[in-house]
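> Just need the structure, nothing else, for what follows:
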Amino acid sequence: MKHWAAAPGNDPVKRAVHAFVQRLNTLLKSRVELVKATDGLHDELFALRLRALQHLATTNDLDLMVALDQVAKGWKEKAQGQAMELMVWNMEFAVDVQRDLLRSLKSQGIALNTDRATFAPLT
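Numbering: from 1, shown residues only. Sure thing, here's the model as predicted:
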């Protein structure tokens, strides 16, 4: 995942994610009060999630459930110490919520990789 964000190339979604991660890293390394400093990032993060979902919806041969499983497995392998375990637990919770969303969409007959008309309003 780090490599994906580290090499944005010409992909506008990757560039946006890369820029967001750089701003977030700068904030984390600074001595500012994080709660106040990151308040303005919530809307941007939500917009990035929508752009990423739209990008994934147009990507051929991608199974999001398999991708989420691989991401969760990688987090578990990297968990070290109590602080990392808590962070991994929080990320796993977010992945579980994303899986629930995918299951819900699938149960309604929406295939994220083929149903581009459904995601057209996101542009």
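
> Mean confidence (pLDDT) on the helix ranked longest in the chain, please.
The helix that spans the most residues within the chain, counting by DSSP state H, is helix 81-107. Mean pLDDT, helix 81-107: 78.

> centroid residue for the protein?
Arg49 (5.8 Å; CA atoms, centre = their mean).

> send the alpha carbons of the helix or strand where that one lies over as CSV?
Using DSSP states H and E, Arg49 sits within helix 41-57. The C-alpha trace of helix 41-57 is given here as CSV (Å, rounded to 0.1, in the frame of the first residue of the first chain):
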residue,chain,number,x,y,z
LEU,A,41,-9.0,16.8,6.6
HIS,A,42,-12.2,14.8,7.2
ASP,A,43,-14.1,16.2,4.2
GLU,A,44,-11.0,15.7,2.0
LEU,A,45,-10.6,12.1,3.2
PHE,A,46,-14.2,11.4,2.5
ALA,A,47,-13.9,12.8,-1.0
LEU,A,48,-10.8,10.7,-1.6
ARG,A,49,-12.7,7.6,-0.5
LEU,A,50,-15.4,8.4,-3.1
ARG,A,51,-12.9,9.0,-5.8
ALA,A,52,-11.1,5.8,-5.0
LEU,A,53,-14.4,3.8,-5.1
GLN,A,54,-15.2,5.4,-8.4
HIS,A,55,-11.7,4.4,-9.7
LEU,A,56,-12.1,0.9,-8.4
ALA,A,57,-15.6,0.6,-10.0
